[in-house]
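Novice: turn this into a structure:
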Amino acid sequence: KTMLRAARFARPPAVALRFSSSESSRNVSTETIQEHLKKPLPEKYDPKFVESCWYGWWESQGCFRPSSSPDPSAKTFSIVLPPPNVTGTLHVGHALTVSIQDALVRWHRMCGDDTVWIPGCDHAGIATQSVVERKLMKETGKTRHDLGREEFVRQVWRWKDDKASHIYTQIRALGASLDWTRDCFTMDTKFSAAVTEAFLALHKSGLIERRLRPVHWSCHLRSAISDIEVNLVSITSPTDLPVPGRALPVRVGLLYHVALPLEDGGEIVVATTRPETMLGDVAIAVHSADPRYLSLLGRHVVHPLTAARIPIIADDVLVDPTKGTGAVKITPAHDMNDYAAGVRAGLPITSVFDTAGRISHPGRWHGMHRFDARDDIIETLKAKGLVRKVEPNEMSVPVCSRSGDIVETRVCPQWFVDCRSMAQAAAASVASGELVLNPPQFHITWQRWLENTHEWCVSRQLWWGHRIPAYRTQSEDGNDIWVAARSEADAREQLARVTGTPAADLIVTQDEDVLDTWFSSALFPFAALGWPQDTPDLRRFFPNALLETGHDILFFWVARMVMLSQTLTGQLPFKEVLLHAMIRDAQGRKMSKSLGNVIDPYDVISGISLDDLIARVDESQLPDNEKAVSKASWKADFPTGIPACGTDALRFALCAYTSQARDINLDVRRVVGYYNFANKIWNAFRFVTHHSQALAALSPLPAGPPSLWDRWINARLASTVLAVEKAMKAADLQQATDALYGFWLGDFCDVYLEQVKPVLRAAQATTTTTT
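Specialist: Residues are numbered from 1 along each chain as shown. Modelled structure (predicted):
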């Protein structure tokens, strides 16, 4: 009886997970679908056959949009797709996000919830500008400065249009049931207006101010960068590191012990890994309890490079007497810890680098690359007989992930957000249970980060991004006066009131800098719904029900969304945060372009040869050294290429991996295994349809109760339904996939079908004899 019912309602298991980028594929008619269903079924599971047509039909039928007249009693389920950067193509980590979110979104729709899933892309200021600059140099030999700001930004917009289109094609190929009518880009007109309003509101409340503070600085990019863009490279022995803009590498991993002559005779020895910063030394610090230096406190040294007279002071916070020589040179302009020591002692700040990393200090080294100056300074000190020792030194070197340059500390005026009160509120929301973090193990990380938060530098010296809505004029004594405003006209009115000068007579200039990408992306949950306007979508779908994302951006994105949402809207941006693991390759290595192991999900879906993988590397914007690493990685991992597995197999595999909280070591062979699982389902379907004539001969259904095996499979199905529903309510996709896999493979195919085969064969024989 169960088989007869299955035959009557049999259709190919068409899970719509493929999309063509052409506009026509988004308007697939019902007639086209009906014609597709009439096609002969392939003997073997063919993802291309199964997945074709359906996505366009779903989209054209409005299946992904929330109801225009929702049931007032229905629950609301709203979620945003973490907007991918328009720097290139998506990788399999994005596919994990899409797979998890789409499973949850479709389930909530099935439950009758008023559901919306909002797509978008992030302009990714520093990342996108970097890749376009590399492309420009490779193709034309020109820099952005050769083009000028206006033309360069036009070039980036063309890049964005191309890449965003490709990214959306990839997302559609993954079957993501997003409401494309609500697509949002972080630099479109409405979103840009939201960014401006957020900056003005925070500035008005005193949470954003322009201050002189130390920042991470990329000399190659000539910009401040965020913590997430700083990679700490572990150095265990003297190593030569390449740096952009310099023909020779720089040697790191050496500690130089340098004697500084005391003003009244004698010397004190300091140790440094960065001799070039000695030009900015303003003091020598020792520990107040170190007996070696008690007699030197209050005395001075005459600096051998600058001839400056600098004091010897006590600083028990900065100095560990058990490390190095126990005497530390203080260079507040070029070290975070030194800056703090300088503030404690009221020391001057002497900067020795310009924005490009060239020596700005007057004298012999002026205009030299900082690492050329390092070499020459070492030779100068040796010639003076002041280098006491040079020894290997294990250390971590900060390297900019965008440019490959060694990151410097630079003190310069920037716009900073005071996060202290916002961080306290965000921490309290999790501690009270108002905001739920899953898995709970991340509670400790959340609290620790927010308890130790510091000022957030939100200005970047870039051309691509939201230009900071701040304007300045100069006072009579030459100092800058800044105001935040929506326009230059508004700024003139404000500055006129402040200075007493007629607005028309003022020279007003907008800040050239742009805002940190994380600032605008932190507004996404509410700006994508129309904030600061009181829109129907904002009233209906905000706060979001859930945020699902990777745990690696818990602070950089999630915490900042919570902080800014609570401050600007008075509400949490979402009620729950679901954090998934990070995708690594089969060897457990982080997926990285520099390692050449980043997998495009489309390659797993459609398959790709090794030659095509190599050709793609050759066409990429990767530096030559990274291309070589990438090619070697592909040859080692996929000597025969990647087989075509289809979207269903990829998504099922990724969802099955979600029990791993921290890292997922993705093995494509496991995806192939789930392709075989899909083929098993396909063969079961073909088995049913093959016997449909025999099953029809059994109609009407025999009288009496169902057979033992019919009762058993129905019981197993009911148990599976309950298990899947329980798992989906808990967003436990690994348990859901286990239940589905066990039912289809174990219960239905391996047991039930084997038990009914004799019945079907007998029925088939009877039908054949009668015919």
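
Novice: so where do the helices sit in the stretch 1-150 of the chain?
Specialist: Assigned by DSSP state H, counting those that start in this stretch, the stretch 1-150 of the chain shows helices spanning 2-8, 30-37, 47-51, 54-60, 92-110, 125-140, 144-147, 149-173.

Novice: tell me which of those lies nearest to Asp710.
Specialist: Closest to Asp710 of the helices of the stretch 1-150 of the chain, according to C-beta to C-beta: helix 2-8, at 4.8 Å. Where you see a C-beta, it was placed from the backbone N, CA and C, and this is true even at glycine.

Novice: what about that closest one, average pLDDT?
Specialist: For helix 2-8, the mean pLDDT works out to 42.

Novice: do a quick rundown of the helices in the stretch 351-500 of the chain.
Specialist: Counting by DSSP H, counting those that start in this stretch, the helices of the stretch 351-500 of the chain are 370-383, 420-431, 442-451, 488-499.

Novice: and the stretch 651-771 of the chain, by the same measure?
Specialist: Here the stretch 651-771 of the chain has its helices, by DSSP H, counting those that start in this stretch, at 668-690, 692-697, 708-729, 733-741, 753-770.

Novice: buried deepest among those helices, which one?
Specialist: Mean neighbour count (mean count of other C-beta atoms under 10 Å) peaks for helix 733-741 among these, with a mean of 19.

Novice: could you check the angle helix 92-110 makes with that helix?
Specialist: Helix 733-741 runs at 70 degrees relative to helix 92-110, counting by axes from the mean of the first three to the mean of the last three C-alpha atoms, to 10 degrees.

Novice: adding distance to Leu207, write the helices of the stretch 1-150 of the chain out as a markdown table.
Specialist: A markdown table is the format used below for the helices of the stretch 1-150 of the chain (distance: least, C-beta to C-beta, whole Å):
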| stretch | distance to Leu207 |
| --- | --- |
| helix 2-8 | 62 |
| helix 30-37 | 54 |
| helix 47-51 | 49 |
| helix 54-60 | 42 |
| helix 92-110 | 31 |
| helix 125-140 | 21 |
| helix 144-147 | 32 |
| helix 149-173 | 29 |
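
Novice: distance of the spatially most central residue of the chain from Asn665?
Specialist: Most central residue of the chain, judged by C-alpha distance to the mean C-alpha position with C-alpha atoms, centre = their mean, is Ile553 at 6.6 Å. Counting by C-beta to C-beta, to the nearest Å, the gap from Ile553 to Asn665 is 20 Å.

Novice: gap between the residue nearest to the centre of the chain and Trp446?
Specialist: Ile553 is 13 Å from Trp446, where distance means C-beta to C-beta.

Novice: what helices or strands is whichever strand or helix holds Ala615 leaning on?
Specialist: Ala615 is part of helix 610-619, with elements assigned from DSSP states H and E. Under the contact criterion of 3 or more C-beta pairs under 8 Å, 6 or more residues apart in numbering; DSSP states H and E, helix 610-619 touches helix 624-637.

Novice: just the C-alpha atoms of the helix it packs on, please, in CSV.
Specialist: Extracted C-alpha coordinates of helix 624-637, given in CSV (Å, rounded to 0.1, in the frame of the first residue of the first chain):
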residue,chain,number,x,y,z
ASP,A,624,53.4,35.5,-8.3
ASN,A,625,54.7,33.8,-5.2
GLU,A,626,51.2,33.0,-4.0
LYS,A,627,50.3,31.7,-7.5
ALA,A,628,53.1,29.2,-7.2
VAL,A,629,51.9,28.0,-3.8
SER,A,630,48.3,27.8,-5.1
LYS,A,631,49.3,25.7,-8.1
ALA,A,632,51.3,23.3,-5.9
SER,A,633,48.3,22.9,-3.5
TRP,A,634,45.9,22.1,-6.3
LYS,A,635,48.2,19.5,-7.8
ALA,A,636,48.7,17.8,-4.4
ASP,A,637,45.0,17.9,-3.3
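
Novice: now the angle from that helix to helix 668-690?
Specialist: Helix 624-637 runs at 50 degrees relative to helix 668-690, counting by the same axes, to 10 degrees.

Novice: and helix 624-637, average pLDDT?
Specialist: Computed over helix 624-637, the average pLDDT equals 81.

Novice: isn't Asp603 right up against Ile642?
Specialist: Yes. Assessed by C-beta atoms under 8 Å, Asp603 is found in contact with Ile642 at 5.1 Å.

Novice: common neighbours of those two, please.
Specialist: Overlap of the contact sets of Asp603 and Ile642 (by C-beta atoms under 8 Å, 6 or more residues apart in numbering) consists of Leu613.

Novice: sorry, back to before: can you put the helices of the stretch 1-150 of the chain in CSV and add mean neighbour count and distance to Arg388?
Specialist: Output for the helices of the stretch 1-150 of the chain, formatted as CSV (neighbours: other C-beta atoms under 10 Å; distance: least, C-beta to C-beta, whole Å):
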stretch, mean neighbour count, distance to Arg388
helix 2-8, 17, 86
helix 30-37, 12, 81
helix 47-51, 20, 69
helix 54-60, 21, 70
helix 92-110, 22, 49
helix 125-140, 19, 41
helix 144-147, 15, 44
helix 149-173, 17, 49
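
Novice: which of these sits closest to Thr569?
Specialist: Comparing the helices of the stretch 1-150 of the chain under C-beta to C-beta, the one sitting nearest is helix 92-110, at 22.8 Å.

Novice: tell me what angle that closest one forms with helix 149-173.
Specialist: Using the same axes, to 10 degrees: helix 92-110 against helix 149-173 is 60 degrees.

Novice: any idea how far Ala491 is from Ala484?
Specialist: 8 Å.

Novice: overlap in contacts of these two?
Specialist: Common neighbours of Ala491 and Ala484 (C-beta under 8 Å, 6+ apart) are Tyr471.

Novice: Ser234 - that's part of a strand, no?
Specialist: Yes. Applying DSSP: H, G, I helix; E, B strand; the rest coil, one finds Ser234 inside a strand.

Novice: tell me the pLDDT at the residue nearest to it when sequence neighbours are not counted?
Specialist: Excluding its sequence neighbours, the residue lying closest to Ser234 (C-beta to C-beta, 6 or more residues apart in numbering) is Ser396, at 5.7 Å. Looking at Ser396, its pLDDT is 96.

Novice: I'd assumed Val230 was in contact with Ser396.
Specialist: No. Using C-beta under 8 Å, Ser396 is not in contact with Val230; the gap is 10.2 Å.

Novice: so between the two, which is more surrounded?
Specialist: Higher neighbour count among Ser396 and Val230: Val230, with 15 against 11, using other C-beta atoms under 10 Å.

Novice: distance check, the more buried one against Val131.
Specialist: Distance from Val230 to Val131, by C-beta to C-beta: 18 Å.
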